[in-house]
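Peer 1: fold the following for me, if possible:
(one chain, ligands or ions: 1)
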Amino acid sequence: MNRRPRRNRKSEAIRNMVEETSLSVKDLIFPMFLVDGLGKTIEVDSMPGIFRYSIDTMLREIEACMKLGIMSFDVFPAYPESLKDSVASESYNPETFYLKGLREIKKNFPELCLMSDVAMDPYSSDGHDGLVKEGKILNDETLEILGRMSLAQADAGVDILGPSDMMDGRVGFIREILDDHGFKDTSIMSYTAKYASAFYGPFRDALDSAPKFGDKKTYQMNPANSQEALIEADLDLEEGADFLMVKPALSYLDIIRLLKENYPLPIAAYNVSGEYSMIKASAARGWLDNDRAMVETLLSIKRAGAKIILTYFAKEYAEMIKS
Ligand code: PBG
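Peer 2: Next up is the predicted model:
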């Protein structure tokens, strides 16, 4: 044997030297859930360690995360049923707690990178990402609402809009409306390849946003397909997206790699709620080691080609490498 691969694994110093993938806190975006009111920190049952915050407690949490080096946050609103309607009016009501909260976050921490989600589901009485008529999800009519929502979020100071709705043409539509209103510097991270996945379950618990009928298969992608991801990515590149995102991450590492190899834009991946909860649930039973499973998961996503990872593990990972 003149070739013994184990020689490059023989000591920690050598292993570290030949290590190809490194994960920095700077690569991470921390998704957080905002609720109305004050003094609230409500744990999400299906996501141990993840909370719904009111604005005051969220500001404190963000500050704590920033001390650990996390600089990017994606904030989602959890609305009560009473404020939802079929056209998601609350999403562009300037007085709504979510938009006021975003503004407050940016005012307190102008140096952080603030991301928001553009889709109707948190505000929709139908629980769908688009406008529903006679059981169908309308595409072009939804764009108008997403446009209004995007302008309201951009006006609140958001740095990166994340259209997660999967309507056709929305990136170009939003780009144009932003430019027309002077928001030329507001970025778009497109949910390029977003699959109709079972792994969003805990997130829908957190926001109470599950669809009231049917599923999301007429707009989110079929888990069996990869070619379609190339069409979506072509469109997003053409329509002006600044980042391409793949979601979920773990069952779609091949898609992350596919986009990484074919597109010059930074690739992001969303390590979604169900992927987080699976690890938490087995770690709680002592079936696997939480920290090692977390690091291995995040590394695999980075190794596949994602420069940016949206993950509920962000704070925990930052705490782990600090200690
Ligand atoms: C809403 C949205 C979803 C997620 C992010 N934005 C859920 C869905 O499409 O049903 C899921 C995130 C997660 O599971 O962590 N459009």
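Peer 1: contacts only, for the residue lying closest to residue 125 once chain neighbours are set aside.
Peer 2: Counting by Cβ to Cβ, 6 or more residues apart in numbering, the nearest residue to residue 125 once its immediate chain neighbours are dropped is residue 84, at 4.4 Å. Heads up, the C-betas are built off the backbone N, CA and C, glycines and all. Residues in contact with residue 84 (Cβ atoms under 8 Å, 6 or more residues apart in numbering) are 90, 123, 124, 125.
Peer 1: which residues touch the second one?
Peer 2: For residue 123, the contacting residues are 77, 79, 83, 84, 85, 88, 89, 90, 91, taking Cβ under 8 Å, 6+ apart as the criterion.
Peer 1: what subset of these is buried?
Peer 2: By neighbour count, with 16 or more other Cβ atoms under 10 Å, the contacts of residue 123 hold 77, 79, 83, 84, 88, 90, 91 as buried.
Peer 1: out of those, list just those in strands.
Peer 2: Secondary structure assignment by DSSP state E places residue 77 of these in strands.
Peer 1: so which of the buried ones among the contacts of residue 123 are also by the ligand?
Peer 2: When those are checked against the ligand using Cβ under 6 Å from any ligand atom, none falls in range.
Peer 1: need the buried ones among the contacts of residue 123 in JSON lines with distance to residue 192 and pLDDT, can you?
Peer 2: Converted to JSON lines, the buried ones among the contacts of residue 123 look like this (distance: Cβ to Cβ, whole Å; pLDDT from 0 to 100):
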{"residue": "77", "distance to residue 192": "23", "pLDDT": "98"}
{"residue": "79", "distance to residue 192": "26", "pLDDT": "97"}
{"residue": "83", "distance to residue 192": "30", "pLDDT": "97"}
{"residue": "84", "distance to residue 192": "27", "pLDDT": "97"}
{"residue": "88", "distance to residue 192": "22", "pLDDT": "98"}
{"residue": "90", "distance to residue 192": "27", "pLDDT": "98"}
{"residue": "91", "distance to residue 192": "22", "pLDDT": "98"}
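Peer 1: including distance to residue 283, could the buried ones among the contacts of residue 123 go into CSV?
Peer 2: What follows is the buried ones among the contacts of residue 123, written out as CSV (distance: Cβ to Cβ, whole Å):
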residue, distance to residue 283
77, 29
79, 31
83, 36
84, 34
88, 37
90, 37
91, 36
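Peer 1: coming back round to it: nearest to residue 250 among the contacts of residue 123?
Peer 2: Taking Cβ to Cβ as the measure, residue 250 sits nearest to residue 77 out of the contacts of residue 123, at 26.0 Å.
Peer 1: residues in contact with that closest one?
Peer 2: Residues touching residue 77, when contacts are defined by Cβ under 8 Å, 6+ apart, comprise 33, 34, 35, 96, 97, 98, 101, 122, 123, 207.
Peer 1: phi, psi of the last one?
Peer 2: By that I understand residue 207. Here the main-chain torsion angles of residue 207 (degrees, to the nearest 10) amount to phi -100, psi 0.
Peer 1: for the nearest residue to it once chain neighbours are set aside, what are its contacts?
Peer 2: Across the structure, with Cβ to Cβ, 6+ apart as the measure, the residue nearest residue 207 apart from its sequence neighbours is residue 78 (4.8 Å). Residue 78 makes contacts with 33, 34, 35, 52, 122, 206, 207, 208, as judged by Cβ under 8 Å, 6+ apart.
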